[in-house]
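Trainee: from the sequence below, what's the structure:
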Amino acid sequence: KNIEIKIYSKKKEIYKEFGELLFTHFGVSGPVILSASSYCTSYLPDNELLLKIDLKPGLSNEQLDDRILRDFAEVSNKQFKNSLDKLLPRKLIPVIISLSKINPEKQVNAITREERQELVALIKGLEFHIISTRDFKEAIITQGGIDIRQVNPSTMESKLISGVYFAGEVLDIDGLTGGYNLQIAWSTGYLAGRE
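Mentor: Residues are numbered from 1 along each chain as shown. Model prediction:
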């Protein structure tokens, strides 16, 4: 919860979002990823995209370092692998420990400033390479459809063929995650149904 993602194509930021993310057996998902996927599809598969996850966007690097120091002070004789319970979700801890390259058996009072700074950088910029989106069968929101410039927005009637009406995801409209596509479906269905 409360993470920030940024997606880059050739070092150019193409998407940024704050919210919830889910690590899955196939990659990443959740509201921020579902919204981001519509931006990614136009770049893939021709371009490799970089996903950066800030697990603590509410804290600056310095604030996060101070937080880690406070957490370490409370458990100064514990091993590093047992020191991040207050900072990260339980299932993410082994991954961060592995990626940090800090010896998991090392006592936290022996962790150097440089190691801590690397840990901060990792938590503030966890990186993944996006190579594809999931299959169309698993799509939650689709892109494409009838060009909305060819539809009367007051009635949802085709401007090209009299008596033909469109509603919902048959139209080339897609909204961000959060019920917007459902609202579009209901509203356009209502307008088309009135005629």
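Trainee: for Asp1, give me its contacts.
Mentor: Quick fix: residue 1 is Lys, not Asp. Glu20 (Cβ atoms under 8 Å, 6 or more residues apart in numbering). From N, CA and C alone the C-beta is placed, and that goes for glycine too.
Trainee: same deal with the one 5 residues further on?
Mentor: With contacts defined as Cβ under 8 Å, 6+ apart, Lys6 is in contact with 13, 15-16, 51-52, 54.
Trainee: list only those of those flagged as buried.
Mentor: Neighbour-count burial (16 or more other Cβ atoms under 10 Å) applied to the contacts of Lys6 gives 15, 51-52, 54.
Trainee: which ones among those residues lie within strands?
Mentor: Those of those mapping onto strands are 15, 51-52, 54, per DSSP state E.
Trainee: and the helix-or-strand element of the chain with minimal mean pLDDT, C-alpha only, in PDB?
Mentor: Using mean pLDDT, DSSP states H and E, helix 31-40 stands out as the lowest-scoring helix or strand of the chain, at a mean of 81. Output in PDB follows, covering the C-alpha atoms of helix 31-40 (Å, rounded to 0.1, in the frame of the first residue of the first chain):
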ATOM      1  CA  PRO A  31      -4.600  -0.800  -9.200                       C
ATOM      2  CA  VAL A  32      -1.500   1.200 -10.200                       C
ATOM      3  CA  ILE A  33      -0.300  -1.500 -12.600                       C
ATOM      4  CA  LEU A  34      -3.700  -1.900 -14.200                       C
ATOM      5  CA  SER A  35      -3.900   1.800 -14.900                       C
ATOM      6  CA  ALA A  36      -0.300   1.800 -16.100                       C
ATOM      7  CA  SER A  37      -0.800  -1.100 -18.500                       C
ATOM      8  CA  SER A  38      -2.800   1.000 -20.900                       C
ATOM      9  CA  TYR A  39       0.300   3.300 -21.300                       C
ATOM     10  CA  CYS A  40       2.600   0.400 -21.700                       C
END
